Structure formats: structure tokens, C-alpha cells
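**Q** what would the 3D arrangement of this be:
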Amino acid sequence: MLAFTKMARFQGLLQSRATLLLIRNYHKQPVKVVWKKPEIGWIKLNFDGSRGREGQASIGGIFRNHKAEFLLGYSESIGEATSTMAEFAALKRGLELVLENGWTDLWLEGDAKIIMDIISKRGRLRCERTNKHVNYINVVMPELSNCVLSHVYREGNRVADKLAKLGHQFQDPKVWRVQPPEIVLPIMHDDAKGKIVLRTK
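**A** All right, here's what the predicted structure looks like:
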């Protein structure tokens with residue numbers, strides 16, 4: 001009886017673990033991520049920040065039209081900064097270029113959800129340096145004719161991610177106005193075709 005009871009408990013434990021494993025695997029199903037083109041007449045900015053091991057940060061971004069054609073890209077090192085500060089700095093720099101080029105209908109997209117949370121709720125952060133970026137963003141965005149801010153998984157923000165990481169190599173800010181750096185061309189081609197990238201985490 002004792003042996004049977006132990007065996008029954010063991011089988012029950014196995015079933016429970018199997019169920020738990022099934023639930024975990026269910027939640028880990030890959031998510032399909034794709035970069036989406038803006039509407040006709042709109043320009044889309046994908047931006048990102050990158051922070052290295054030594055605390056040095058860099059930013060990058062890319063502007064494309066409704067045909068996924070390259071309009072402008074940027075990349076630069078911003079010195080010591082947190083990851084959050086780098087994300088806001090990347091968006092701020094993108095908006096500076098928006099004003100320089102006279103663009104008015106913008107879709108802004110990044111992979112840091114904190115950007116959406118702070119901007120949508122008009123929140124503040126503890127870091128005053130970062131708050132300066134936030135204040136600039138909050139002033140500029142309402143001045144645009146049309147402006148949408150959205151979050152995307154990193155798999156849908158790969159060009160901006162590349163440009164942000166590339167910024168670690170530069171001493172001076174880089175702006176590409178005719179042709180983007182070759183390193184991002186394959187990803188841009190995938191984006192233009194609507195290639196689906198699976199997110200497994």
C-alpha cells in the first residue's frame with residue numbers, strides 16, 4: 001500500500017510537471033514580428049539606443065517612406081549614459097532632423113516600451129539629463145501635423161538597432177542623406193519585402 005501510494009503520488013507529480021512544462025512552452029511560442037511601412041505621405045522613423053559594457057552609449061535611427069525607401073539615417077556616440085537615456089536621446093535626435101527637413105507627418109517607432117509609457121503619461125524620470133530629452137520630445141511632437149508613437153519588438157527595429165550599435169565606432173555624429181551604410185542594406189531589403197522575423201524570447 002505504501003509503495004502504491006508513493007507511486008501514485010509520483011505519477012501525479014509527473015503529470016503536474018508535464019502540465020506546467022506544457023504551459024511554459026505555450027507561452028514561449030514564437031511571436032511573428034514584421035516591420036510595417038507607413039501610409040502614403042507619411043515618413044517613418046525607427047530609432048534605438050545602445051549601451052556598451054563600459055557604460056558608453058550611442059544612438060541611431062532611420063527614416064523611410066511608404067515604399068520603404070531610404071530617406072535619411074543617423075548614428076552617433078553620446079558618451080556615458082544609461083540605456084533609458086540613450087533611447088530618449090535617439091528619439092530627440094530624430095525629431096531634430098525632422099524639424100531640419102520640414103517633415104510633418106511622422107510615425108515614430110522604437111523598441112523600448114518605457115518611451116511609450118513616459119511620453120503617453122507625461123511622466124518624469126529621476127535623471128535630469130534624461131528629462132531634458134523628454135521635455136524636448138513633449139514640445140516637438142504636438143507641433144507636427146500628424147505624429148504617431150508606437151512600440152515594436154527589437155526584431156522589427158533591426159536597422160535602427162544596427163545604426164545605434166554602429167555609433168560606438170564614431171567620434172563625430174554621422175548623418176546619411178543619400179545612401180545608408182552597407183551594413184544595414186540586407187535588413188532594409190528584408191523590411192521592404194515584409195519579411196517575418198520570429199521572436200522566441
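
**Q** what's in contact with stretch 188-201?
**A** Outside stretch 188-201, the residues that touch it by Cβ atoms under 8 Å, 6 or more residues apart in numbering are 28, 30-35, 62, 64, 67-68, 70, 153-156, 158-159, 180. Where you see a C-beta, it was placed from the backbone N, CA and C, and this is true even at glycine.

**Q** before we move on, what about stretch 165-180?
**A** So stretch 165-180 is contacted by 50, 52, 56, 58-60, 62, 70, 72-78, 97, 159, 181, 183, 188 (Cβ under 8 Å, 6+ apart).

**Q** where do the helices sit along the chain?
**A** Applying DSSP state H to the chain gives helices spanning 2-27, 83-101, 113-121, 128-140, 158-166, 185-193.

**Q** lowest average pLDDT across those?
**A** With a mean of 47, helix 2-27 has the lowest mean pLDDT of those.

**Q** hmm, which of the contacts of stretch 165-180 are the buried ones?
**A** Buried by 16 or more other Cβ atoms under 10 Å: 50, 56, 58-60, 62, 70, 72-78, 97, 159, 188, out of the contacts of stretch 165-180.

**Q** and the residue nearest to Gly61 when sequence neighbours are not counted, how far from Ile196?
**A** Excluding the flanking residues, the one nearest Gly61 by Cβ to Cβ, 6 or more residues apart in numbering is Phe47, at 3.8 Å. For Phe47, the distance to Ile196 (Cβ to Cβ, to the nearest Å) stands at 22 Å.

**Q** so those two - more neighbours on which side?
**A** Phe47 (30 against 14; other Cβ atoms under 10 Å).

**Q** just checking, the more buried one touches Gly60?
**A** Yes: in terms of Cβ atoms under 8 Å, Phe47 counts as a neighbour of Gly60; the distance is 7.2 Å.

**Q** mutual contacts of these two, please.
**A** Joint contacts of Phe47 and Gly60 (Cβ under 8 Å, 6+ apart) are Ala90, Ala160, Ala164.

**Q** which of these sits closest to Asp111?
**A** Asp111 has its nearest neighbour among the shared contacts of Phe47 and Gly60 in Ala160, at 7.9 Å by Cβ to Cβ.

**Q** tell me which residues touch that closest one, please.
**A** Per Cβ under 8 Å, 6+ apart, neighbours of Ala160: Asn46, Phe47, Asp48, Gly60, Gly61, Ile62, Ala90, Gly110, Asp111.

**Q** since that was my last question, I'll sign off now.
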